[in-house]
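Enquirer: this one's structure only:
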């Protein structure tokens, strides 16, 4: 391949990436515009809150409790090398609240909710249900997209808060039952070490991750190809992109909150 051909391919890939970012940005602006303007579909919002929030609790809870327990074991084993086993409560608390809680909940939402939204909306597009909505003078963005993104914005921070608590309790259970920590002392150390700034950063991350996960599910669903292959490709791409953007957003937000 000649240098000129390589440069041409690089330029085409760059232009394609910029075009995709432009389409996604336009989609996000349109979503929030429709979210703020009537009419509002209350039943769709409630259904989205149920699907995104309530039904995600089991997987979030299980992920958090096992992660908190494993984190306590790892910190205890590592701290034992430096006679620093006593830091388990503090490190479990800050690790779950600042990083592991928001990120793991975001990735679980991407795996469960983003894929579900993308497959559902893509199937509606393939079966021409979206065209039927337009025929009935119902804007697809307002009826399908805005309620789901609003649900992600509202419920994922709550899931992150619950996940943080369950993760800390998982570490507490392992530390007090298996590692010999005093229960009262463990809880006091946890409460005294955490700051309100840590909790706020965790909830803000949850809100951002919720918007990313639901928006990308809707975006890839609305822009899916025709047929079963189009639905599968949209579902796969939505989860991959959501996971990567959640991790990237976590890096940026961590730098903003805690000054790299």
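Expert: Received, thanks. Small disclaimer: the values here were computed from a predicted structure and weren't measured. Numbering: from 1, shown residues only.

Enquirer: Neighbours of the closest residue to residue 253 other than its chain neighbours, how many?
Expert: Closest residue to residue 253 apart from its sequence neighbours, by C-beta to C-beta, 6 or more residues apart in numbering: residue 205 at 5.4 Å. Using the backbone N, CA and C atoms, a C-beta is placed for each residue, glycine as well. When neighbours are counted by other C-beta atoms under 10 Å, residue 205 registers 26.

Enquirer: Would you agree residue 205 is in contact with residue 160?
Expert: Yes. Using C-beta atoms under 8 Å, residue 205 is in contact with residue 160, at 6.9 Å.

Enquirer: hey, what's in contact with both of the two?
Expert: 102, 106 (C-beta atoms under 8 Å, 6 or more residues apart in numbering).

Enquirer: can you give me the helices for the stretch 1-150 of the chain?
Expert: In the stretch 1-150 of the chain, the helices defined using DSSP state H, counting those that start in this stretch lie at 3-36, 42-52, 57-79, 88-94, 101-109, 115-126, 129-135, 140, 146-177.

Enquirer: out of these, which comes closest to residue 239?
Expert: Of all the helices of the stretch 1-150 of the chain, helix 115-126 sits nearest to residue 239, with 5.0 Å by C-beta to C-beta.

Enquirer: In the closest one, which of the residues would be classed as buried?
Expert: For helix 115-126, a neighbour-count test (16 or more other C-beta atoms under 10 Å) marks 115, 116, 117, 118, 119, 120, 121, 122, 123, 124, 125, 126 as buried.

Enquirer: Model confidence for the fifth one, exactly?
Expert: Residue 119 carries a pLDDT score of 92 in this model.

Enquirer: let's have the chain start at 39 instead
Expert: Sure thing, new numbering starts at 39, so read that last one as residue 157.

Enquirer: Verify the contact between it and residue 272 for me.
Expert: Yes. Using C-beta under 8 Å, residue 157 is in contact with residue 272, at 7.4 Å.

Enquirer: Name the residues contacting each of the two.
Expert: residue 259.

Enquirer: Isn't residue 163 up against residue 256?
Expert: No. Using C-beta under 8 Å, residue 163 is not in contact with residue 256, being 11.3 Å away.

Enquirer: for the stretch 39-188 of the chain, which spans come out with low pLDDT?
Expert: For the stretch 39-188 of the chain, the stretches with pLDDT under 70 are 39.

Enquirer: mean confidence for stretch 291-298?
Expert: 82.

Enquirer: Report the buried residues of that stretch.
Expert: Result for stretch 291-298 [16+ other C-beta under 10 Å]: buried residues 291, 292, 295.

Enquirer: Dump those residues into a markdown table; add distance to residue 212 as well.
Expert: Below are those laid out as a markdown table (distance: C-beta to C-beta, whole Å):
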| residue | distance to residue 212 |
| --- | --- |
| 291 | 29 |
| 292 | 26 |
| 295 | 28 |
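
Enquirer: Considering the residues you listed, which is situated nearest to residue 119?
Expert: Using C-beta to C-beta, residue 292 comes nearest to residue 119 of the buried residues of stretch 291-298, at 26.7 Å.

Enquirer: Quick check: the gap between that closest one and residue 136.
Expert: 8 Å (C-beta to C-beta, to the nearest Å).

Enquirer: Give me the helices and strands touching the strand or helix carrying residue 256, please.
Expert: In this structure, residue 256 sits in helix 234-260 according to DSSP states H and E. On a contact count with 3 or more C-beta pairs under 8 Å, 6 or more residues apart in numbering; DSSP states H and E, helix 234-260 meets helix 41-74, helix 139-147, helix 153-164, helix 184-215, helix 265-296.

Enquirer: I'd like the mean pLDDT over it, please.
Expert: In this model, helix 234-260 has a mean pLDDT of 94.

Enquirer: Identify each buried residue in it, please.
Expert: Buried residues in helix 234-260 (16+ other C-beta under 10 Å): 236, 239-260.

Enquirer: swap in stretch 88-107?
Expert: Here stretch 88-107 shows 89, 90, 91, 94, 98, 99, 101, 102, 103, 105, 106, 107 as buried, counting by 16+ other C-beta under 10 Å.
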